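A.B. asks: What follows is a predicted protein model with its sequence.
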Amino acid sequence: MEYQLILSQKALITIVLVGILGLLFRLYRALVANPEKLRSALRKQGISGPPPTLLLGNLLEIKKARAAKAPPLCCAPTQHNCANALFPFFEPWQKKYGDVFMFSLGNKLILHVTQHDMVREITTCTSLDFGKPSYQVKEMGSLLGNGVLTSNGTHWAHQRKIIAPELYQEKVKGMIKLIQESTMTLIDSWNSIIEAKGGIADIKIDQHLRSFSGDVISKACFGSNYSRGEEIFFKLRALQESVSKKGLSLGIPGMRYLPTKSNREAWALERDVKAIILKVVKERNESGYEKDLLQMILEGAKNSDLSPDSIDQFIVDNCRNIYLAGYETTAVAATWCLMLLAANPEWQERARAEVLDSCEGQVPDGDMIRKMKLLSMVINESLRLYPPVAIISREAFKDMKFGDIYIPKGANVWTFVLTLHTDPEGWGADSYQFNPDRFANGVTGACKIPYLYMPFGVGPRVCLGQNLALVELKILISVILSNFSFALSPTYLHSPALRLVIEPEHGVNLNVKKL
Ligand code: HEM
């Protein structure tokens with residue numbers, strides 16, 4: 001009896017030990033072994049990079065470099081060299097290892113590519129086996145679901161086919177009225193602030209611009225139910241903040257499933273968002289047709305071969321995706337553009353003169369914005385120096401070849417937009433300076449290698465909301481120019497920071513005066 005007990009104790013201990021060893025082995029494979037296999041495949045082709053620090057990858061090195069190099073004021077706002085301040089580690093690595101090098105981030109192996117021909121091949125690659133990195137899909141997907149922004153393969157291709165036509169130029173024309181309304185809401189609120197302050201006010205513009213783009217997306221998506229849309233917008237903003245706070249992922253498998261405080265908060269927000277969207281859909285089914293994005297998504301989904309359950313999920317996920325893709329990017333693009341116009345009074349004057357001439361005191365419509373060439377040049381230049389989306393990233397889901405480099409299955413590829421947008425080889429010696437004149441003859445006139453300009457990405461995953469975003473920016477900036485003059489506030493501290501988008505770390509304060 002005693003003997004049997006000893007045996008079963010031994011068996012128990014053996015089982016526990018085998019279990020622990022198995023877990024450790026899985027952890028080792030997830031954290032170390034797989035990236036090491038990819039590394040050696042790339043190393044054999046002559047591609048090198050900084051050695052990874054065990055488990056944390058280059059994270060510690062990156063943190064050290066950031067702490068050492070990024071002062072709050074990283075460069076003059078008009079001589080933009082923030083690529084180096086945002087990513088102080090890339091410059092020395094690029095100098096040492098060339099235009100194609102590898103590094104690791106936690107358990108992820110990243111191939112960093114700024115070599116021009118290879119960038120072109122990578123960004124225009126149409127293979128469904130080359131998509132959004134799985135780590136991003138997992139991290140973002142757990143919060144945003146499986147919509148067009150966060151999915152891959154045939155599922156993504158199918159969703160894109162349904163949604164893309166709803167954001168074509170013709171459809172965006174139908175949204176101009178609601179963009180004008182949202183613009184006037186912002187103008188009215190600035191007028192009240194200025195009046196209360198006696199003619200000139202120091203306004204922190206970030207939140208106002210977020211409300212503007214959130215308002216546009218809410219109305220574009222949810223039509224007359226847009227107040228529900230605004231509820232969703234606030235919850236998604238909170239959700240996004242909770243993702244941003246996590247910063248660079250340590251790559252520890254399973255972290256996002258742990259019931260930590262931030263994960264629990266995120267799950268609750270996610271449940272709320274889903275419930276609100278489905279409620280609007282239900283009301284819509286009862287009350288009838290509306291001509292908004294939600295309706296188009298609804299019809300697209302109904303006319304597809306999705307099952308009824310998948311239709312609900314499709315609608316919820318894509319509403320959340322469009323919200324996230326559309327509001328923060330546009331708001332931050334408008335923020336940087338106004339900051340640059342405030343820092344360059346001569347350009348502010350030139351753009352204003354054009355607006356006054358083209359619009360003659362009216363809120364611009366589609367025809368008027370098409371005519372405003374200087375305004376387009378200013379927006380293009382602003383998106384060049386401050387592209388909201390900093391990195392185009394992909395993962396090879398099978399072994400692939402770009403240029404003469406074999407990319408092993410599982411490797412992530414990063415193209416760093418800021419480096420391309422400020423490369424003197426394409427843009428000339430003044431590539432870090434704000435000079436909208438370079439766009440006088442379009443992108444091909446501005447850059448010797450035009451495909452380096454990609455604020456909206458390029459290729460099969462190019463931004464679906466590009467037309468809408470540009471119309472929003474043009475209407476908003478032109479109406480602000482025709483109503484106010486503005487300068488950088490003495491409290492403005494220039495410090496671009498990389499969160500989900502490149503945004504001003506301390507916000508943008510402008511001294512705004514009614515014209
Ligand atoms: C200035 C504003 C914007 C900028 C700079 C921007 C930038 C981008 C970029 C760079 C991508 C491609 C990412 C990649 O290749 O991995 C993208 C994708 C996307 N954008 Fe935008 N975007 C903006 C506004 C919008 C708006 C207003 C909407 C929708 C209303 C939108 C919807 C999307 C969607 C759905 C995708 C995913 C496309 C796909 O994966 O097939 N974006 N955006």
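C.D. replies: Done, it's in. Keep in mind that what you see is a predicted model, and the values were worked out from it rather than measured. Numbers count the residues shown, from 1 in each chain.

A.B. asks: which parts of stretch 35-42 are buried?
C.D. replies: Neighbour-count burial for stretch 35-42, counted by 16 or more other CB atoms under 10 Å, picks out 35, 38, 39, 41, 42. Heads up, the C-betas are built off the backbone N, CA and C, glycines and all.

A.B. asks: thinking the fourth one is in contact with residue 410, fair?
C.D. replies: No - checked against CB atoms under 8 Å, the pair residue 41 and residue 410 is beyond contact range at 9.5 Å.

A.B. asks: how many neighbours does the residue in the stretch 151-300 of the chain positioned nearest to the ligand have?
C.D. replies: Going by CB to the nearest ligand atom, the ligand is nearest to residue 160 of the stretch 151-300 of the chain, at 4.8 Å. Using other CB atoms under 10 Å, residue 160 has 15 other residues around it.

A.B. asks: what does whatever helix or strand it lives in contact?
C.D. replies: Using DSSP states H and E, residue 160 maps to helix 153-163. Helix 153-163 is contacted by residues 128, 131, 146-148, 151, 296-297, 300-301, 304, 314, 318, 322, 397, 464 when judged by CB atoms under 8 Å, 6 or more residues apart in numbering.

A.B. asks: Distance from the chain centre to the helix or strand that that helix is followed by, please.
C.D. replies: Toward the C-terminal end, the helix or strand that comes next after helix 153-163 (DSSP H and E) is helix 169-173. Taking CA atoms, centre = their mean, to the nearest Å, the mean C-alpha location of helix 169-173 is offset from the chain mean by 23 Å.

A.B. asks: Could you see whether the ligand lies near helix 169-173?
C.D. replies: No - Helix 169-173 lies apart from the ligand when judged by CB under 6 Å from any ligand atom; the minimum separation is 9.4 Å.

A.B. asks: what's the next helix or strand after that helix packed up against?
C.D. replies: As assigned by DSSP H and E, the chain's next helix or strand after helix 169-173 is helix 176-196. Here helix 176-196 touches strand 200-204, helix 205-222, helix 466-483, strand 509-514, going by 3 or more CB pairs under 8 Å, 6 or more residues apart in numbering; DSSP states H and E.

A.B. asks: Packing partners of the helix or strand where residue 267 lies?
C.D. replies: Here residue 267 sits within helix 261-287, counting by DSSP H and E. Helix 261-287 sits against helix 134-144, helix 226-246, helix 293-302, helix 308-343, with contacts defined as 3+ CB pairs under 8 Å, 6+ apart.

A.B. asks: Single out the most deeply packed of those helices.
C.D. replies: Among those, helix 308-343 has the highest mean neighbour count (mean count of other CB atoms under 10 Å), at a mean of 23.

A.B. asks: Beyond that helix, next helix or strand please.
C.D. replies: On the C-terminal side of helix 308-343, the nearest following helix or strand under DSSP H and E is helix 345-359.

A.B. asks: Pull out the buried positions in whichever helix or strand comes after that following helix.
C.D. replies: Toward the C-terminus, helix 345-359 is succeeded by helix 366-371 as the next helix or strand (DSSP H and E). Using 16+ other CB under 10 Å as the test for burial, helix 366-371 gives 368, 369.

A.B. asks: C-terminal to helix 366-371, what's the next element?
C.D. replies: Downstream of helix 366-371, the first helix or strand assigned by DSSP H and E is helix 373-385.

A.B. asks: I'd like the average pLDDT over that next one.
C.D. replies: For helix 373-385, mean pLDDT rounds to 96.

A.B. asks: Just want the angle from it to helix 466-483.
C.D. replies: 120 degrees (axes from the mean of the first three to the mean of the last three CA atoms, to 10 degrees).

A.B. asks: Quick check: can you name the pairing partners of the following helix or strand past helix 373-385 and their directions?
C.D. replies: Going down the chain from helix 373-385, the next helix or strand is strand 391-396, by DSSP H and E. Partners of strand 391-396 in the sheet, by DSSP bridges, are strand 130-131 (antiparallel), strand 412-416 (antiparallel).

A.B. asks: May I have the very next helix or strand once past the longest one as PDB, with CA atoms only?
C.D. replies: Sequence order places helix 417-421 as the next helix or strand after strand 412-416, per DSSP H and E. Included here for helix 417-421 are C-alpha records, laid out as PDB according to Å, rounded to 0.1, in the frame of the first residue of the first chain:
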ATOM      1  CA  VAL A 417       7.300  55.700 -44.200                       C
ATOM      2  CA  LEU A 418       9.100  58.600 -42.600                       C
ATOM      3  CA  THR A 419      12.500  57.500 -43.900                       C
ATOM      4  CA  LEU A 420      11.100  57.200 -47.400                       C
ATOM      5  CA  HIS A 421       9.300  60.600 -47.100                       C
END
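
A.B. asks: what's the most distant pair in the contacts of helix 153-163?
C.D. replies: Put simply, by CB to CB the two of the contacts of helix 153-163 set farthest apart are 296 and 397, 30.0 Å from each other.

A.B. asks: got the buried residues for stretch 94-109?
C.D. replies: So for stretch 94-109, counting by 16+ other CB under 10 Å, buried means 94, 97, 100, 101, 102, 103, 104, 105, 106, 107, 108, 109.

A.B. asks: what do you get for stretch 372-388?
C.D. replies: By 16+ other CB under 10 Å, the buried positions in stretch 372-388 come out as 372, 374-388.

A.B. asks: pretty sure residue 326 is in contact with residue 215, am I right?
C.D. replies: No - the pair residue 326 / residue 215 is not scored as a contact, 11.6 Å apart, by CB under 8 Å.

A.B. asks: Need the overlap of contacts for those two.
C.D. replies: By CB under 8 Å, 6+ apart, no residue touches both residue 326 and residue 215.

A.B. asks: picking up where we left off before, I'd like the buried residues of stretch 35-42 laid out as a markdown table, including secondary structure, distance to the ligand and pLDDT.
C.D. replies: Shown next, in a markdown table, are the buried residues of stretch 35-42 (DSSP: H, G, I helix; E, B strand; the rest coil; distance: CB to the nearest ligand atom, whole Å; pLDDT from 0 to 100):
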| residue | secondary structure | distance to the ligand | pLDDT |
| --- | --- | --- | --- |
| 35 | helix | 22 | 78 |
| 38 | helix | 21 | 88 |
| 39 | helix | 24 | 88 |
| 41 | helix | 24 | 91 |
| 42 | helix | 22 | 92 |
